[in-house]
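> what's the 3D shape of this:
(one chain, ligands or ions: 2)
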Amino acid sequence: MSLNHFNIIESTLREGEQFVGANFNTVQKTEIAYLLDDFGVECIELTSPLASPQSFTDACAIAKLGLKCKILTHTRCRIEDAQIAIDTGVDGVDVVIGTSSMLRRFSHGKAIDEIIDMALEVVSFVRSQGIAVRFSTEDSFRSKREDLFRVYEAVDSIGVNRVGIADTVGIATPRQVYELVSELRRRVVCDIEFHGHNDSGCAIANAFEALDAGATHVDTTVLGIGERNGITPLGGLIARLYATAPTLVNKYNLPLLRKIDNTVAQMVGVDIPFNNYITGITAFTHKAGIHAKAILNNPETYEILDPQAFGMTRYVSIAHRLTGWNAIKNRAEQLGLSLSDETIKAITTHIKTLADEKQISLDDVDSLLRRWANEQQALVATETAAAEVIKERVAD
Ligand code: HCA
Ligand code: CU
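Residues are numbered from 1 along each chain as shown. Ligands and ions are numbered 1, 2, ... in the order given. Just a heads-up that it's a prediction; the model follows:
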C-alpha cells in the first residue's frame, strides 16, 4: 500500500482545460500553477504544446517559473509530438494512446502490436533525451486485460518511468480499480498512475483504491473539472485521505484549498457547489438540534474533517423548527445574554412554533433572545402555559 508515499499529478492545466468553461490565458495559467505549487502538489500536467501556438508558449513559460513541483506535458504517442514536448523544457512527458477496441477501431485504427511498437519507440526516444516519460493507455477499463499487460510490461522492460491507467469514461468501480492496480503492481517495477473520470460518481473512491492497491500517482483537477463532468477533484481526494489519517495530507498547505477552489471556479465561470468537499458552503454546517448539541460538546461527534485544519469555520444553524435548546443556549452565551435554562427552553419552543409559520433568520432568533432577556419576567409568565404543553418535545 502506498498511501504513505503518493504523489498528486494536478491536471487542471491539462484535463481541466478540457472543461467546457475553461479557457485560461497565460496570466491565469501562471496563477493556477503558483497556487498549486504553494499547495504542495508534486506534479503539474500541462496541455499538449501541439494543441495551439499559445499552448506551446505557455508550457515554455511555466517550465521556466522555477516551481518546486515537476512540470509535465501531455502528448500523443508520436516522436514528433514528444520532441516538441521536450523542446518546452518540461521535466516529463506524459504519453497516451487508446487501447480499447472502440478507440482502436474508431480513433487511431492501430492493432495492439503496432501500439507496442509505437510505445517502445517513443518511450526510448524520450528516455534517450534524459526526460522522464509516462506511458498511459486511454480507456483502460474497456481494454482487454492481456492487451494492457502486454503493453505495460513492454514499456516497463525498457525503463519507462511510469505507466498510467486511465478510466477515460468513468465506468470503473472501486473494486475493479483495486484489482487492476494490484495485478499491475505485481507485473511492473515502474511507478503507476491512475486517472479517473467521474461520470458515475466513483472518481474519488477509485483514486483512493488505486493508491491503496499500490499506485504511486493520482491525477486530480481543481473542483474536478475536465471533459464532461470531469475527474477526481483535488479537494475531494484530500478530504478522503484526511478522513483516513490527517497525517497523509499534512505535506500540503490545506488552508490554501479554499483560495484554489475559488480562483478556478471564478476563472471557469462556475460557483463552488454547495455540497463540495471542504469548501462547499454547507460542508461544515450543522442543523438538527441533536447534532448541534453533540457538536457543541465535541465537534468530532459529527465531523470527520476538522474545519480549522482547512482554515474553514463551523456553522451551527439554529433558526428553524429542528433547533434544540442547547444550540439556542449557546447562541445566548455568544450574545452575552444570561438566561435561565427554563427560559431558553421556552424561547426554543417559541422559535419552533414561529418557524412552523414562516421562514425565520438568525436575526429573528437574536432579537427574540434579546427581548426575552430584557423582559424576562413578563414573557416567561405569558409563555409558561405554552411551554408546558410541549416541554417533553423540547427537553432532550
Ligand atoms: C484525454 C484522455 C485522458 C488521458 C488520460 C491520461 C483520459 O483527454 O486525452 O493521460 O492518462 O481520460 O483517458 O484524459
Ligand atoms: Cu481524462
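
> make it CA atoms for all contacts and neighbour counts henceforth
OK.

> which residues sit in contact with the residue of the stretch 51-200 of the chain found nearest ligand 1?
With C-alpha to the nearest ligand atom as the measure, the residue in the stretch 51-200 of the chain that lies nearest ligand 1 is residue 168; the distance is 3.5 Å. Residue 168 is in contact with 138, 139, 140, 195, 196, 197, counting by C-alpha atoms under 8 Å, 6 or more residues apart in numbering.

> From those, list the ones also adjacent to ligand 1.
The overlap between those and the neighbourhood of ligand 1 (criterion: C-alpha under 6 Å from any ligand atom) consists of 138, 139, 195.

> By neighbours, which of the residues you listed wins?
Each of those was scored by neighbour count (other C-alpha atoms under 10 Å); the top score is that of residue 195, with 26 neighbours.

> you'd agree that residue is in a strand?
Yes: assignment of residue 195 by DSSP: H, G, I helix; E, B strand; the rest coil places it within a strand.

> got the residues of the stretch 51-200 of the chain near ligand 1?
By the rule C-alpha under 6 Å from any ligand atom, the part of the stretch 51-200 of the chain lying against ligand 1 is 96, 136, 138, 139, 164, 166, 168, 195.

> These in helices, which ones?
Judged by DSSP state H, the subset of those located in helices is empty.

> so what's residue 188 up against?
Residue 188 is in contact with 152, 153, 156, counting by C-alpha under 8 Å, 6+ apart.

> rerun at 10 Å
Listed by C-alpha atoms under 10 Å, 6 or more residues apart in numbering, the contact set of residue 188 reads 149, 152, 153, 154, 155, 156, 157, 162, 163.

> of those, buried ones?
Buried residues within the contacts of residue 188, defined by neighbour count using 16 or more other C-alpha atoms under 10 Å: 149, 152, 153, 154, 155, 156, 162, 163.

> Out of those, which is nearest to residue 29?
When those are compared for distance to residue 29 (C-alpha to C-alpha), residue 162 wins out at 25.4 Å.

> Quickly list what that closest one is bridged to.
residue 134, residue 191 (DSSP bridges).

> chain center to stretch 81-95, what's the gap?
Offset of stretch 81-95 from its chain centre (C-alpha atoms, centre = their mean, to the nearest Å): 27 Å.

> And for stretch 50-59?
27 Å.

> Just the C-alphas of stretch 141-158, formatted as CSV.
Output of stretch 141-158 as CSV, limited to C-alpha atoms (Å, rounded to 0.1, in the frame of the first residue of the first chain):
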residue,chain,number,x,y,z
PHE,A,141,-11.2,-0.4,-18.3
ARG,A,142,-12.7,-1.3,-21.7
SER,A,143,-9.5,-2.7,-22.9
LYS,A,144,-8.6,-6.4,-22.8
ARG,A,145,-6.5,-7.2,-19.7
GLU,A,146,-4.0,-9.2,-21.6
ASP,A,147,-3.5,-6.3,-24.1
LEU,A,148,-3.0,-3.9,-21.2
PHE,A,149,-0.4,-6.0,-19.5
ARG,A,150,1.5,-6.7,-22.8
VAL,A,151,1.8,-3.0,-23.4
TYR,A,152,2.7,-2.1,-19.8
GLU,A,153,5.2,-4.9,-19.5
ALA,A,154,6.9,-3.9,-22.8
VAL,A,155,7.4,-0.3,-21.8
ASP,A,156,8.4,-1.3,-18.3
SER,A,157,11.1,-3.5,-19.6
ILE,A,158,12.8,-0.6,-21.4
